[in-house]
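K.L.:
sequence and predicted structure, then a few things I'm wondering about:
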Amino acid sequence: MLTKRTPLIARDLKRLYTIFFIVAIALFVICSLLTNFNIVTLIANGDAFWEFITEDFLPPALPKSSRIPGILSSVLVTLALAISATTIAAVLAFFVSLFGSEKVSPFPKAAKFVRGFATFLRNIPALVWAFILFSSLGIGTGVGFVALCITSFAFMVRAFVETMEDVSQDCVESLQAVGATFPQRVSQAILPSCLSGFLSWFLYCVEINIRASTIVGMVGGGGVGLTLFSYIKGFQYDIALSIILLIATMVIVVDLVTSKLRKEIMK
């Protein structure tokens, strides 16, 4: 007696997965042709890559003892750069985001322009801002600070606006009905409801900026990124690897700390 087999995946869903898989392959082929990417060439030249890694990068080496304090100091500069830029950007983003939410803003028609401006700034990476600012501010931590501040500001404006949009409108409307002013509505309705969300986004932005400050530093923004780039330019790859491991350790520690803090805040 033949039994009817029950498919593990519904036909419509299986068809959707098949179409998605075919489209993904087609996009990969088209993009490979446009960029002249050839995976066969990549595999064929893999020996040169591994030879470079094993002979030049490995094993990691420590710099001269006289230079270690300078490297550790540059790590602290990177941390300070990320935290200070995020803090200033968060304060500015909070006040601007109040005008970017149609539920909160005293000028609802201007909310779309505020969000559009933040979206425009956010879509330009910090590295591009750093290159733009080099011509006016020169090389140094000031460039890194401003570049990180701009991108963090734009990111947090959007994040803060979305957080405020999730707040119940009843509380805001009730305060408005009894004649509460705009600052009173913000302090009595928005801050108590959104503060944990604001802090969570702030900590997440610190995580992002720890990585971004290293990249910005490599092009002249100061900190450990600039130190790393100087060793790479000097063909001291083994010492550069030690700094890369130090950066990775720093990022992991910051991620663990901020993740723990976010969980505590969101409880």
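P.N.:
Arrived safely.
K.L.:
make it CA atoms for all contacts and neighbour counts henceforth
P.N.:
OK.
K.L.:
helix or strand: which one has the closest residue to Ile83 other than its chain neighbours?
P.N.:
In this structure, Ile83 finds its nearest non-sequential neighbour in Val206, 6.1 Å apart by Cα to Cα, 6 or more residues apart in numbering. Secondary structure from DSSP states H and E places Val206 in helix 191-216.
K.L.:
what's the following helix or strand past that helix in contact with?
P.N.:
Proceeding N to C from helix 191-216, the next assigned helix or strand is helix 224-233, under DSSP H and E. Contacts to helix 224-233, defined as Cα atoms under 8 Å, 6 or more residues apart in numbering, come from residues 71, 74-75, 77-78, 213-220, 237, 239-240, 243-244, 247.
K.L.:
hang on, the residue nearest to Ile83 packs against Leu81?
P.N.:
No. If you go by Cα atoms under 8 Å, Val206 and Leu81 don't touch, sitting 10.0 Å apart.
K.L.:
pick out whichever of those two has more residues nearby.
P.N.:
Ranked by neighbour count (other Cα atoms under 10 Å), Val206 and Leu81 place Leu81 first, with 27 against 23.
K.L.:
now name the helix or strand holding the more buried one.
P.N.:
helix 68-97.
K.L.:
Lys64 too?
P.N.:
Using DSSP H and E, Lys64 falls outside every helix and strand.
K.L.:
after the helix-or-strand element of the chain with minimal mean pLDDT, which helix or strand is next? Please name it.
P.N.:
The helix or strand of the chain with the poorest confidence is helix 169-177; it has a mean of 65 (mean pLDDT, DSSP states H and E). Later in the chain than helix 169-177, the nearest helix or strand by DSSP H and E is helix 182-185.
K.L.:
and that next one, how far from the chain's centre?
P.N.:
Put simply, helix 182-185 sits 31 Å off its chain's centre (Cα atoms, centre = their mean, to the nearest Å).
K.L.:
can you list the helices and strands that that helix packs against?
P.N.:
Applying 3 or more Cα pairs under 8 Å, 6 or more residues apart in numbering; DSSP states H and E, one finds that helix 182-185 contacts helix 169-177.
K.L.:
beyond the strand or helix carrying Val128, next helix or strand please.
P.N.:
Using DSSP H and E, Val128 falls within helix 126-137. Downstream of helix 126-137, the next assigned helix or strand under DSSP H and E is helix 141-165.
K.L.:
dump the residue contacts of Val96.
P.N.:
Contacts of Val96 by Cα under 8 Å, 6+ apart are Val114, Val157.
K.L.:
and the residue nearest the centre of the chain, how far from Val75?
P.N.:
For the chain, the residue nearest the mean C-alpha position is Ile208 (3.6 Å; Cα atoms, centre = their mean). Computed as Cα to Cα, to the nearest Å, the Ile208 to Val75 distance reads 16 Å.
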